[in-house]
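> fold the following.
(2 chains)
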2 protein chains.
Amino acid sequence: MIISIIGLGLIGGSFALDLKKNYPDWVIQGFDVSAENLQYALIKRIIEKEVSVKQAIKSSDIIFLAAPVDQIILMLPEILGKNTNQIIVDFGSTKKHIADAVKTSPFRRNYIAAHPMAGTEFSGPQAADVNLFEGKFCIICDKELSHNPYLDTVEAIFRKLKIGVEYLSSSDHDHALAYLSHLSHVSSFALANSIFSDKSFLDDNIKLSGGGLLSTIRLANSNATMWIPILLQNSENVIHALDEYIDNLCKIRTLIQHNDTLNLGEFIHHANYAYRKYNLRNPKIITNEN
Amino acid sequence: MIISIIGLGLIGGSFALDLKKNYPDWVIQGFDVSAENLQYALIKRIIEKEVSVKQAIKSSDIIFLAAPVDQIILMLPEILGKNTNQIIVDFGSTKKHIADAVKTSPFRRNYIAAHPMAGTEFSGPQAADVNLFEGKFCIICDKELSHNPYLDTVEAIFRKLKIGVEYLSSSDHDHALAYLSHLSHVSSFALANSIFSDKSFLDDNIKLSGGGLLSTIRLANSNATMWIPILLQNSENVIHALDEYIDNLCKIRTLIQHNDTLNLGEFIHHANYAYRKYNLRNPKIITNEN
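The predicted structure follows:
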């Protein structure tokens, strides 16, 4: 198989490494708009060959689009169907607008609208990690619009890489992701800006901060090139989630201001319960971040 | 030396373990208002002996107060000076109100207003960890009001336990901690409540969430008994920090709503810069949380 990966950042780079590990005989080639990223990916053997988008279309069995979503939404209609039987998979963190861009394409069946739920706050091929995806989930959206053998082929790859698959409509995906991912990033950006705004006072004391602070602003290191288009493409859902968050912050502000021990306790207990209800963590594990 | 620790939760319990490890000949005794915590601490040999507060006053060389700050502020004036030459140390996460409670005491010199900057989102003696403090910092407030040999004795203990010491006024401590710790806890409580509010829709999809979400709501598991009094005692500073945070969230909301790519990029770049400026993380380290 000949695989092309367009976008050799954290996601594209990691996926390239994982593919090569699991399919050593496959040809893994790639493209990135950044010459620097491309060069790095070649030197570090993340990809074995550099290709242009044109060459990728000509030669590949599968093209994975792992670029920022504003680039994906432009590329996808241009690429899809140019090479019959070629499979196109996108890895964008938003789905509705991207999927809508090719909704009426006669080659919609060749396209798998995917989103691997994996990542760190780091970016670029330097952050690529062969173990990034193992044990994680990938969402496939509007599954019924992707046909076999294309869908089967991609799902088989995910199975081999030990990536679980979940299905959602692209609308439900964007709605859920606003809460499960995008809001957390917005909260971290705003928190970092609030805590580290021009405060020379804090400069000397920042070394005192512990793992708690770090955990809430870890995502503040996330890449703007990737995140601006995500937040703008999913703006309606993100704003909805953000409004709910701001409401809750105003609520707790009022409780603190009014010395309302009872309702503040309820607010915190509800947060404790929410945290535990979803069984997100084994409560016996002391986090390494502290 | 005979040491009493009042409050055998995460902080008190961990400190007890660390003291015993470094000073195996010392007697480490303790008290907790929760009979269950006390029992656990005895069974797990976190302390070797249970004492009442009265007995602690009678017998100890040093008493460490590691209870919630609303209990500390009541206990401290009752304990300080009851036994001349006895050292009292508090570990409260707020300082101004607690320190003010004994400002005019003739035994102020026997009291060390401390705050070890260590912790996890877990609580109770079950969470106690002998390694919690090593390599961390402890803030000592209003240092000039604590005299020797009392201050020297406590600082020697911190040195032995490999805890660094930093000095701040109690006002500066509370101001800084609002940003370095309290705001992050408020953000996590509110975020958990926003994300996991009554949304059956999310129930099926929460397993898709990754380390990013987890990091921003990790602190949502923090204990209400400890955090209600912290937020209320430091309400003025917390509200000030919270207002700044809400402002920033409203700012990014507006930028997203107006599709303002330029200023959204600036907002995110500023957050990236703020994150890196304080050198909080080695950028090559891929976090275990992903």
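> how about the strands in chain A?
Ranges of strands within chain A are A:2-6, A:27-31, A:49-50, A:62-65, A:87-90, A:111-117, A:137-141, A:164-168, based on DSSP state E.
> helices and strands around the first one, which ones?
Using 3 or more CB pairs under 8 Å, 6 or more residues apart in numbering or on different chains; DSSP states H and E as the contact test, the elements touching strand A:2-6 are helix A:10-22, strand A:27-31, helix A:53-59, strand A:62-65. Bear in mind the C-beta positions are built from the backbone N, C-alpha and C, glycine included.
> pLDDT weak spots in chain A?
A:198-202, A:278-290 (pLDDT under 70).
> per-domain residue ranges of it.
If you go by automatic domain parsing, the domain ranges for chain A are A:2-168, A:173-281.
> now the ones you listed in JSON lines, with mean neighbour count and distance to B:Phe267?
Below are the domains of chain A laid out as JSON lines (neighbours: other CB atoms under 10 Å in any protein chain shown; distance: least, CB to CB, whole Å):
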{"stretch": "domain A:2-168", "mean neighbour count": "20", "distance to B:Phe267": "16"}
{"stretch": "domain A:173-281", "mean neighbour count": "21", "distance to B:Phe267": "6"}
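> and of the ones you listed, who's closest to B:Pro149?
B:Pro149 lies closest to domain A:173-281 among the domains of chain A, at 26.0 Å (CB to CB).
> correct me, but A:Ile72 touches A:Gly92?
Yes - counting by CB atoms under 8 Å, A:Ile72 touches A:Gly92, with 4.8 Å between them.
> any common contacting residues for these two?
A:Leu65, A:Ile98 (CB atoms under 8 Å, 6 or more residues apart in numbering or on different chains).
> which residues touch A:Glu244?
Counting by CB under 8 Å, 6+ apart, A:Glu244 touches B:Ser194, B:Ser197.
> if we go to 7 Å?
For A:Glu244, the contacting residues are B:Ser194, by CB atoms under 7 Å, 6 or more residues apart in numbering or on different chains.
> surely A:Ser187 and B:Ser187 touch.
Yes - at 6.0 Å, A:Ser187 and B:Ser187 qualify as touching, with contact defined as CB atoms under 7 Å.
> what parts of the stretch 1-150 of chain A come near chain B?
The stretch 1-150 of chain A comes close to chain B at residues A:Met117, A:Ala118, A:Gly119, A:Thr120, A:Phe122, A:Ala127, A:Asp129, A:Phe137, A:Ile139, as judged by CB under 7 Å from any CB of the partner chain.
> verify the contact between the last one and B:Leu208 for me.
Yes - counting by CB under 7 Å, A:Ile139 does reach B:Leu208; the two are 6.4 Å apart.
> got any residues that touch both of those two?
Common neighbours of A:Ile139 and B:Leu208 are listed as A:Met117, A:Glu166 (criterion: CB under 7 Å, 6+ apart).
> and stretch A:126-144, end to end?
Chord length of stretch A:126-144, first to last residue, is 36 Å (CA to CA, to the nearest Å).
> ok, stretch A:130-150 next?
End-to-end distance for stretch A:130-150: 24 Å, by CA to CA.
> name the residues that touch stretch A:113-121?
Against stretch A:113-121 from outside (CB under 7 Å, 6+ apart): A:10-11, A:89-93, A:95, A:98-99, A:127, A:132-133, A:136-142, A:163, A:170, A:173, A:218-219, A:221-222, B:208, B:210, B:212, B:286-287, B:290.
> now the helices: where do they sit in chain A?
For chain A, applying DSSP state H gives helices covering A:10-22, A:35-43, A:53-59, A:69-79, A:96-101, A:150-160, A:170-177, A:183-195, A:200-203, A:211-217, A:224-233, A:235-257, A:261-277.
> out of those, nearest to B:Val238?
helix A:235-257 (6.1 Å).
> helix A:224-233 and that closest one, what's the angle between them?
Angle of helix A:235-257 versus helix A:224-233, following axes from the mean of the first three to the mean of the last three CA atoms, to 10 degrees, is 90 degrees.
> from the chain's centroid, how far away is helix A:235-257?
Chain-centre distance of helix A:235-257: 24 Å, with CA atoms, centre = their mean, to the nearest Å.
> in a markdown table, list the residues of the stretch 1-150 of chain A next to chain B along with distance to B:Leu151.
Output for the residues of the stretch 1-150 of chain A next to chain B, formatted as a markdown table (distance: CB to CB, whole Å):
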| residue | distance to B:Leu151 |
| --- | --- |
| A:Met117 | 52 |
| A:Ala118 | 50 |
| A:Gly119 | 48 |
| A:Thr120 | 43 |
| A:Phe122 | 43 |
| A:Ala127 | 46 |
| A:Asp129 | 48 |
| A:Phe137 | 54 |
| A:Ile139 | 58 |
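> now the most centrally placed residue in chain A: closest residue in space that isn't a chain neighbour?
Centroid check for chain A by CA atoms, centre = their mean gives A:Ser93 as the closest residue, at 4.8 Å. Of all residues not flanking A:Ser93 in the chain, A:Ile230 sits nearest, at 4.9 Å (CB to CB, 6 or more residues apart in numbering or on different chains).
> show me what contacts that neighbour?
A:Val69, A:Ser93, A:Thr94, A:His182.
> closest one of these to chain B?
Distance to chain B, by CB to the nearest CB, is smallest for A:His182 among the contacts of A:Ile230, at 9.7 Å.
> what sits against the closest one?
By CB under 7 Å, 6+ apart, the contact list for A:His182 reads A:Ile230, A:Leu231, A:Asn234, A:Val238.
> cool, A:Ile6 as well?
Residues in contact with A:Ile6 (CB under 7 Å, 6+ apart) are A:Phe31, A:Val53, A:Ala56, A:Ile63, A:Leu65, A:Ala66, A:Ala67, A:Met75.
> A:Ile72 and A:Ala101 touch, don't they?
No - contact criterion CB under 7 Å: A:Ile72 and A:Ala101 do not qualify, at 8.8 Å.
> check the gap between the closest residue to A:Pro116 other than its chain neighbours and A:Tyr167 for me.
The shortest distance from A:Pro116 to any non-neighbouring residue, by CB to CB, 6+ apart, is to A:Cys138 (4.4 Å). As judged by CB to CB, to the nearest Å, A:Cys138 and A:Tyr167 stand 10 Å apart.
> kindly report the same for A:Glu36.
Taken as CB to CB, the span from A:Glu36 to A:Tyr167 is 37 Å.
> now swap in A:Asp260 and tell me
According to CB to CB, A:Asp260 stands 44 Å off from A:Tyr167.
> again, but for A:Ile3
For A:Ile3 relative to A:Tyr167 (CB to CB), the value is 23 Å.
> check A:Ser235 too.
In this view, A:Ser235 and A:Tyr167 are 25 Å apart by CB to CB.
> enumerate every residue touching the residue found closest to A:Gly265 once you drop the neighbours it is linked to in the chain.
Nearest non-adjacent residue to A:Gly265, counting by CB to CB, 6+ apart: B:Ala224, 5.0 Å away. Going by CB under 7 Å, 6+ apart, B:Ala224 touches A:Gly265, A:Ile268, A:His269, A:Asn272.
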